[in-house]
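Participant: My questions concern the predicted model and sequence given below.
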Amino acid sequence: MGRHRKLLTSSLGLAAVALVFASCAANQETASTTVTTTATPPPKQLLTLVARPQKIVDLMKARGEQDQATPTIKIVSPAKDAVINGSKVELKLDLSGDLKGYMPHKDPATGKGNHVHVILDNQPYEAYYEMGQPFELRNVAAGKHTLRVFPSRPWHESYKNDGAFQMVTFTVKGGGDASKPTTTSSGQTVASPSATPAREGKDFPPSTAGDVDATKPLLTYSRPKGEYKAEDADPIMIDFWLSGAKLQGDGGEYRVRYIVDDDEPKFIDKWEPIWLSGWTNGKHSVRLELLDKDSKPVDNGGYNTTSREITVVK
Ligand SMILES: [Cu+2]
């Protein structure tokens, strides 16, 4: 028995060594050539729910009372049902309420800070840091659009108090060049000359609004999005904004279902962020859905079921 176990252990060890060599070889191959073989299947990902990371707990302490703030956000521009000529939309926000020192601003040293999440239609959000200047949405396609905004923390967790969310609908006449390719996610306008004043803004790929009703239950997908590197890749937070609906664990009747890749569906029954650990390298899909008391998806202009692709680079 003892000998068997020993044999098993050493053969497992050998298998592990072989796997490491195989993946090294595969990496070298893809690095030096463009051959797209899938020699080594990625290891099976097993995600587990973990507590709020200690580094965020520490950050919260260092922030004083900011996380007890109850910010109220208002979209000043574009006005509700505004009609805008051209492809550029200037976003102006008003932030009030009991802020307890909360103010969006990017620290130039760390590149981090409080910011507002800005969502055009149902695209991934963009971060808006400096509220003293308008935020430009560039290359917005002609047609009807929605904008959703909510204040967020440096680690992208949203404020969830009443008034910390607003949505407006507006229409763009003329609009951006729909044939223009999607630009980089860095927020830089590559094409414009350096004479352009430094102003926060972002080119948007073409999209139009869903047939969405702000008075009906609405799940707004926020995180995760984009690329997660090194220590930021474990754990990864899921966070969303919920309006017009209360989850079962908060005394309501709704549930949020999340599906990562092709894993079995899981549920969120309290409106708060969750952290998942155990992500493997590569691309993953994350899907969030709002379900009613009969576990049926609640439709609202297509916004209540949203999938995003994220990339994990450990
Ligand atoms: Cu953010």
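Facilitator: Nice, thanks for sending it over.
Participant: And the pLDDT at the residue in the stretch 151-300 of the chain that the ion sits nearest to?
Facilitator: The ion sits closest to H156 of the stretch 151-300 of the chain, with a gap of 3.4 Å, by CB to the ion. Glycine gets a C-beta too; all of them are placed from N, C-alpha and C. Per-residue confidence at H156 stands at 98 (pLDDT).
Participant: if I look at it, how far off is K112?
Facilitator: Distance of H156 to K112, given as CB to CB, to the nearest Å: 10 Å.
Participant: who has more neighbours, the two?
Facilitator: Taking other CB atoms under 10 Å, H156 and K112 do not tie; H156 has more neighbours (18 against 15).
Participant: How about the spatially most central residue of the chain: what's its closest non-neighbour residue?
Facilitator: Nearest to the mean C-alpha position of the chain, by CA atoms, centre = their mean, lies R223 at 2.8 Å. Spatial nearest neighbour of R223, excluding adjacent residues (CB to CB, 6 or more residues apart in numbering): D239 at 4.4 Å.
Participant: Check D269 too.
Facilitator: D269 sits nearest to G249 (CB to CB, 6+ apart), 3.7 Å away.
Participant: So that neighbour versus L276, what's the distance?
Facilitator: Taken as CB to CB, the span from G249 to L276 is 18 Å.
Participant: Looking at those two, which is more packed in?
Facilitator: Shown here are G249 and L276; by other CB under 10 Å, L276 has more neighbours (20 against 13).
Participant: Find the helix or strand that that one is a member of.
Facilitator: Using DSSP states H and E, L276 maps to strand 274-277.
Participant: so how far is whatever helix or strand comes next after that strand off the chain centroid?
Facilitator: Next helix or strand after strand 274-277 toward the C-terminus (DSSP H and E): strand 282-291. Distance of strand 282-291 from its chain centroid, counting by CA atoms, centre = their mean, to the nearest Å, is 11 Å.
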